[in-house]
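Student: Structure, please.
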Amino acid sequence: QVQLLESGGGSVQSGGSLRLSCAASGSIFSINAMGWYRQAPGKERELVAAITSGSNTNYADSVKGRFTISRDNAKNTVSLQMNSLKPEDTAVYYCNADIKQHIFVRYYTTIWGQGTQVTVSS
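Tutor: Numbering: from 1, shown residues only. Sure thing, here's the model as predicted:
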C-alpha cells in the first residue's frame with residue numbers, strides 16, 4: 001500500500017509564507033510526476049504546480065513567481081514553497097504522485113494525499 005503524507009499547512013496573513021511537504025511511503029519502484037493541487041470551497045480542484053522525475057516544472061499562472069515546487073527523488077518527497085500568499089490561495093492543498101509499485105507493472109497509478117488546509121487572511 002502506497003501512501004502520501006502531507007504536512008506544513010496552516011494559517012498565515014497575506015504576504016506571508018508557508019512550506020508544504022509530501023512524503024510517499026510503501027512499496028515503490030519508481031515515481032514519475034509529482035504535484036500539488038488545491039481546492040477552494042465551491043470550486044473545482046486545480047493544478048498548482050507539478051514536477052517530473054527530471055525536475056521539469058509546470059505552474060498555474062496564478063502562482064508563477066510566488067510558489068516553487070521541488071522534489072527529492074532519493075527520499076520520495078515533494079515540497080511546495082509558497083511566498084507572497086494571498087487570500088485567494090486559501091484552499092485545501094493535495095499532493096499527488098504517479099507511482100509504479102513493481103518493475104513488471106506497465107502503467108503508473110496516480111496516488112493522492114489526504115489534503116492539508118492553507119488559510120490566508122487579509
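Student: Now the phi/psi pair for the residue most central in space within the chain, please.
Tutor: Closest residue to the average C-alpha location of the chain: Trp36 at 2.6 Å, with C-alpha atoms, centre = their mean. Listed backbone geometry of Trp36 is phi -130, psi 130, with angles given as degrees, to the nearest 10.
Student: thinking it is in contact with Ile51, fair?
Tutor: No - judged on C-beta atoms under 8 Å, Trp36 makes no contact with Ile51 at a distance of 9.2 Å. Yep, even glycine has a C-beta here, placed from its N, CA and C like the rest.
Student: Mutual contacts of those two, please.
Tutor: Residues within reach of Trp36 and of Ile51 at once, by C-beta atoms under 8 Å, 6 or more residues apart in numbering, are Ile69, Val78.
Student: show me what contacts the most far-flung residue of the chain relative to its centre?
Tutor: Distance from the centre of the chain peaks at Phe104, with 27.0 Å (C-alpha atoms, centre = their mean). By C-beta under 8 Å, 6+ apart, Phe104 lies in contact with nothing.
Student: how close does it sit to Pro87?
Tutor: 48 Å (C-beta to C-beta, to the nearest Å).
Student: what secondary structure does the residue farthest from the centre of the chain sit in?
Tutor: With DSSP: H, G, I helix; E, B strand; the rest coil as the basis, Phe104 sits in coil.
Student: circling back: which residues sit in contact with the residue nearest to the centre of the chain?
Tutor: Per C-beta under 8 Å, 6+ apart, neighbours of Trp36: 20, 22, 47-50, 69, 78, 80, 93-96.
Student: Kindly report the same for Gly115.
Tutor: Glu6, Gln39, Val92, Tyr93, Tyr94.
Student: ok, what's across the strand from the last one?
Tutor: I take that to be Tyr94. Tyr37 (DSSP bridges).
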